[in-house]
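Asks: my questions are about this predicted structure, shown below with the sequence.
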Amino acid sequence: MTPITPRNILRHELIGLEVEVVDDSNPYNIGISGRVVDETRNTLLIDDGAKERRIAKEYATFRFRLPDGTLVEVEGAKLVGRPEDRVKRRIRRW
Amino acid sequence: MVDREAREIALERIRILFRLADEVFHQNPERAQRYVDLARRIAMRVRIHLPRDLRRRICRRCKGFLVPGVNCRVRIRQRREPHVAITCLRCGAIMRIPLRRRGDGEGA
């Protein structure tokens, strides 16, 4: 078992996590929160309960709630990449 | 090169995605299929096999996510050699899993 931790979140699964957009170049997107339901190379699709909102990763900052309850803030730019590619990349940084 | 950690994370992600696929299938089968496709891609990327239990949830031919009783038929067949036959009701492919193989957990 390799659960999601703040250390490996860049390489781990984002779909299914609770997330809040804490910053974005588009101010209307700030504050959107919900569950990640899909991921592409450049975007996250977030179900906020009423609607599915697609947010570009690159210009946003996200706060994820990990399954153990920990909150982690992640710059979206660090998440850019196809979901299946993220698992490999980033050989230890920060 | 794929380091060990990448494989461990990959396996965990694959399990997460299959769990989500099961949860969401009822409401949104396309999304369930998307999750399973992602899981397969992750497995291929780090070059690991899907674990056996999960491999049987995917049609070997059309790669569709199989939910017994909904889009696949699971039957035990005794003819010739006892086996489990899983028929994908979407593409019609039949997967046969032989039973009773030197206690390696195959079948069941």
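Replies: Cool, the structure landed.

Asks: put the alpha carbons of stretch A:73-90 into CSV.
Replies: Below are the C-alpha coordinates for stretch A:73-90, written out as CSV (Å, rounded to 0.1, in the frame of the first residue of the first chain):
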residue,chain,number,x,y,z
GLU,A,73,-2.0,23.0,-1.3
VAL,A,74,-0.5,22.3,-4.7
GLU,A,75,0.3,24.7,-7.5
GLY,A,76,-1.5,23.5,-10.5
ALA,A,77,1.5,24.1,-12.7
LYS,A,78,3.2,21.2,-11.0
LEU,A,79,0.3,18.9,-11.9
VAL,A,80,0.4,19.5,-15.6
GLY,A,81,0.8,16.2,-17.4
ARG,A,82,-1.3,13.3,-18.4
PRO,A,83,-2.5,11.3,-15.4
GLU,A,84,-0.6,8.2,-16.6
ASP,A,85,2.6,10.2,-17.1
ARG,A,86,2.5,11.9,-13.7
VAL,A,87,3.1,8.5,-12.0
LYS,A,88,6.6,8.4,-13.5
ARG,A,89,7.8,11.9,-13.5
ARG,A,90,9.4,14.1,-10.9
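
Asks: same question for it: list its buried residues.
Replies: Neighbour-count burial for stretch A:73-90, counted by 16 or more other Cβ atoms under 10 Å in any protein chain shown, picks out A:Val74, A:Gly76, A:Lys78, A:Leu79, A:Gly81, A:Arg82, A:Pro83, A:Glu84, A:Arg86, A:Val87, A:Lys88. In this view, the C-beta of every residue, glycine as well, is placed from N, C-alpha and C.

Asks: next one: stretch A:33-40
Replies: Using 16+ other Cβ under 10 Å as the test for burial, stretch A:33-40 gives A:Ser33, A:Gly34, A:Arg35, A:Val36, A:Val37, A:Asp38, A:Glu39.

Asks: try stretch A:18-36
Replies: By neighbour count on 16+ other Cβ under 10 Å, the buried set for stretch A:18-36 is A:Glu18, A:Val19, A:Glu20, A:Val21, A:Asp23, A:Asp24, A:Asn29, A:Ile32, A:Ser33, A:Gly34, A:Arg35, A:Val36.

Asks: got it, and stretch B:32-51?
Replies: By neighbour count on 16+ other Cβ under 10 Å, the buried set for stretch B:32-51 is B:32-43, B:45-46, B:48, B:50.
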